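Undergrad: Just the structure for this:
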Amino acid sequence: MSAETKLISLGQQPPLKLSKVPVFVGLWAAMGPGVIWGAMAMGSGELIWWPYVTAKYGPAFLGLLLPACIMQYFVNQEILRYTAATGEGLFQGFARFNKWFAGLMWIMLIMSFLWFGGLASSGGTALFSLTQFPAGWDAKTGSLFWAYVLIALSVSALVFGKVIYDIIEKLMMLIASVTILGLFSVIWFPEVLSTANTFFPAYFNPFYVLQNGMPANWDPKDASSLLTGIAFAGMGGFFNVMYSYWIRDKGLGMAKYQGRITSPVTGIPEKISDTGFAFADTEENHKNWKEWLAYLRLDNFIAVGVNLVTVMMMAWLAWALLMPKGEIPSGWKLVVAQSEFFGFAWGPIGTSLFLVVAAAYMGKIWLGVADASSRMHADFILSTFPQAQKYGFRTWYYVFVGILTAIAVITIPLAAPDTLLLMQGVFNYISMAIYTPVLIYMNYVMLPKAFPQWVRPSNAALIAVSVVATIYLAITIWYLTVVF
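TA: Purely as a prediction, here's the structure:
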């Protein structure tokens, strides 16, 4: 039996196929997944929940923002490590750990994204405020109209784009660039800069609540808003898991041996392996693995760094422009209040520009969620039910695109977008508190049994991610205590 056909046992799934670690392709060829993560992270946390929490409670919770962003780096790194080492999506990794655990995560995934129509409806609030079309409609009905338009455009992109990952990557890069440039241009205005001496002391003080107690206007109902803000100071929950599927379709590390999802209309089908890959303890493999790992740290740093800067700027603008007026984003005008950020700088043109950016912002997140969550569902089905494999990954992917689109269309009218996004945020955060310890076990215990010992992360990395997992668990317990 040749080295390429040897099988390596790992967990409760079919064995991994032995192959070589691919040569690192270079910085620019590998670039992309981190930018997608950073662009996707410019979503409900940045656009909605941190402006909401900052405008309503001022310095009380602002100091939690920076550590909340940084903690996600350590979770991301373990997600990237698993997929780069095996070429598998994280749901197949969960199934290798334990099929019942994978089932629990699948149920949590379903609950988390039953409500993701709120992403489209919040973008719809911006487009209706901008166009006032259809004329004479109220804010709710007009927002729903534009939400369905955004969904239709997104589904068309997923069906007709030749290679789905390429569509997602290009769109995210465009939206991220426009948003960052717009925010940088606004913060230099004197009315914003003049608040730096009050904003940044609060931003760098994570102990404000411990020192001063809960704010006098604290509403326990906002526990969900605060939890969602902490979860989405970046991606949060299953949004972090999406990173696994982007580097898989990009072909980074051992994912080079996996095929990509292509359009059933315009694309050419690619073979997607039903299991992952392993590699032997050779000098060449060790060298190539270290180069991939160094790049993945950089990619992760870019992802978290882009997000950290944008959410800080959005909170700062809320501090400077919304908080003094007591304006708090909510209901069917969830992202309209923030249009004052650009309107302050450029008048009506700026307001219109922000509403366009906000609509694109939330619309591209709906597209990203529909894509990545369909990948996760397909991965779970194929790794749990062997008989499903005769239909292939691409077929199951599009089945779930259809199901998730139908769910979004049905759930959007049921509640205002802030309510829908809160439901999504709570389930995502709790899921992260559950899966992070398992992810640690997968990388620090399971992988070294099938891979060379140098694949195991350092003890320093173990301590860092364990601290993060403990914090997520503690905050989850606090939240459940407040709510129940």
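Undergrad: so how far is the longest helix along the chain off the chain centroid?
TA: Ordering each helix of the chain by length in residues (DSSP state H) puts helix 340-384 first. Distance of helix 340-384 from the chain centroid (Cα atoms, centre = their mean, to the nearest Å) equals 11 Å.
Undergrad: Next SSE downstream of that helix?
TA: Per DSSP states H and E, the first helix or strand lying C-terminal to helix 340-384 is helix 392-411.
Undergrad: in that next one, what counts as buried?
TA: When burial is assessed from 16 or more other Cβ atoms under 10 Å, helix 392-411 yields the following buried residues: 392-394, 396-398, 400-401, 404-405, 407-409, 411. Glycine gets a C-beta too; all of them are placed from N, C-alpha and C.
Undergrad: quick check: mean pLDDT across it?
TA: For helix 392-411, mean pLDDT is 91.
Undergrad: Return the set of buried residues in whichever strand or helix holds residue 191.
TA: Assigning secondary structure by DSSP H and E places residue 191 in helix 190-193. Judged by neighbour count using 16+ other Cβ under 10 Å, the buried positions of helix 190-193 are residue 192.
Undergrad: which secondary structure elements does the helix or strand of the chain with the lowest mean pLDDT contact?
TA: Within the chain, no helix or strand scores below helix 223-231, which has a mean of 73 by mean pLDDT, DSSP states H and E. Packed against helix 223-231 by the contact rule (3 or more Cβ pairs under 8 Å, 6 or more residues apart in numbering; DSSP states H and E) you find helix 50-57, helix 65-86, helix 417-441, helix 459-483.
Undergrad: Let me know the angle separating it from helix 65-86.
TA: Here the directions of helix 223-231 and helix 65-86 differ by 60 degrees (axes from the mean of the first three to the mean of the last three Cα atoms, to 10 degrees).
Undergrad: centre of the chain versus helix 223-231, how much separation?
TA: The chain centre lies 15 Å from the centre of helix 223-231; the measure is Cα atoms, centre = their mean.
Undergrad: swap in stretch 163-183?
TA: With Cα atoms, centre = their mean, you get 14 Å for stretch 163-183.
Undergrad: For that stretch, give the mean pLDDT please.
TA: On average, stretch 163-183 scores 78.
Undergrad: in terms of contact, does residue 36 touch residue 166 like I think?
TA: No: counting by Cβ atoms under 8 Å, residue 36 sits too far from residue 166 to count as a contact (11.0 Å).
Undergrad: Show me which of the two is the more surrounded one.
TA: Each of residue 36 and residue 166 has its neighbours counted (other Cβ atoms under 10 Å); residue 36 has more, 26 against 15.
Undergrad: give me every residue that touches the more buried one.
TA: Counting by Cβ atoms under 8 Å, 6 or more residues apart in numbering, residue 36 makes contact with 168, 169, 172, 173, 246, 368.
Undergrad: just for the stretch 151-300 of the chain, where's the confidence low?
TA: Judged by pLDDT under 70, the stretch 151-300 of the chain has its weakly predicted residues at 228, 231-234.
Undergrad: ok so, going back, restricting to C-alpha, output the least confident helix or strand of the chain in CSV.
TA: The C-alpha atoms that make up helix 223-231 are tabulated as CSV, following Å, rounded to 0.1, in the frame of the first residue of the first chain:
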residue,chain,number,x,y,z
ALA,A,223,-28.7,41.3,29.5
SER,A,224,-29.4,39.7,26.1
SER,A,225,-28.2,42.9,24.3
LEU,A,226,-25.0,42.9,26.4
LEU,A,227,-24.4,39.2,25.9
THR,A,228,-25.0,39.6,22.1
GLY,A,229,-22.6,42.5,22.1
ILE,A,230,-19.9,40.5,23.7
ALA,A,231,-20.5,37.5,21.5
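Undergrad: tell me the angle of that helix relative to helix 459-483?
TA: For helix 223-231 against helix 459-483, the angle by the same axes, to 10 degrees is 170 degrees.
Undergrad: Following element in sequence after helix 223-231, please.
TA: Immediately after helix 223-231, counting by DSSP H and E, sits helix 238-250.
Undergrad: Could you spell out the sheet neighbours of the very next helix or strand once past that following helix, each with its direction?
TA: Later in the chain than helix 238-250, the nearest helix or strand by DSSP H and E is strand 277-278. Counting by DSSP bridges, the strands paired with strand 277-278 are strand 16-18 (parallel).
Undergrad: taking the mean pLDDT, what do you get for the strand it pairs with?
TA: Strand 16-18 shows a mean pLDDT of 93.
Undergrad: Give me the next element, helix or strand, following it.
TA: Sequence order places helix 27-30 as the next helix or strand after strand 16-18, per DSSP H and E.
Undergrad: how deep is residue 110 tucked in, by neighbour count?
TA: By the measure other Cβ under 10 Å, the count of residues near residue 110 is 15.
Undergrad: Same check on the one 10 residues further on?
TA: A count of neighbours around residue 120, defined by other Cβ under 10 Å, yields 32.
Undergrad: before we move on, what about residue 456?
TA: Residue 456 has 17 neighbours, counted by other Cβ under 10 Å.
Undergrad: How about the one 5 residues further on?
TA: Here the count is done by other Cβ under 10 Å, and residue 461 has 17 residues near it.
Undergrad: One more: residue 100?
TA: Residue 100: 11 neighbours (other Cβ under 10 Å).
Undergrad: Phi and psi next, for it.
TA: phi -70, psi -40 (degrees, to the nearest 10).
Undergrad: any idea how far residue 211 is from it?
TA: 44 Å (Cβ to Cβ, to the nearest Å).
Undergrad: same check, this time on residue 380
TA: For residue 380, the distance to residue 211 (Cβ to Cβ) stands at 45 Å.
Undergrad: Those two: which is more packed in?
TA: Shown here are residue 380 and residue 211; by other Cβ under 10 Å, residue 380 has more neighbours (25 against 8).
Undergrad: Where does pLDDT dip in the stretch 351-484 of the chain?
TA: Across the stretch 351-484 of the chain, the ranges flagged by pLDDT under 70 are 354, 358, 361-362, 415-425, 483-484.
Undergrad: show me what contacts the closest residue to residue 184 other than its chain neighbours?
TA: Excluding the flanking residues, the one nearest residue 184 by Cβ to Cβ, 6 or more residues apart in numbering is residue 313, at 7.4 Å. Residues in contact with residue 313 (Cβ under 8 Å, 6+ apart) are 183, 184, 187.
Undergrad: which of those residues count as buried?
TA: Buried members of the contacts of residue 313, scored by 16+ other Cβ under 10 Å, are 183, 187.
Undergrad: Distance to residue 26 and secondary structure for the contacts of residue 313 - can I get that in TSV?
TA: Converted to TSV, the contacts of residue 313 look like this (distance: Cβ to Cβ, whole Å; DSSP: H, G, I helix; E, B strand; the rest coil):
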residue	distance to residue 26	secondary structure
183	30	helix
184	29	helix
187	34	helix
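Undergrad: so which of the contacts of residue 313 would you say is closest to residue 108?
TA: Using Cβ to Cβ, residue 183 is the member of the contacts of residue 313 that sits closest to residue 108, with 32.7 Å.
Undergrad: For residue 61, see how far away that closest one is.
TA: From residue 183 to residue 61 the distance is 21 Å (Cβ to Cβ).
Undergrad: Kindly report the same for residue 303.
TA: Residue 303 sits 23 Å away from residue 61, going by Cβ to Cβ.
Undergrad: okay, these two: which has more neighbours?
TA: Neighbour count, other Cβ under 10 Å: between residue 303 and residue 61, residue 303 has more, with 28 against 25.
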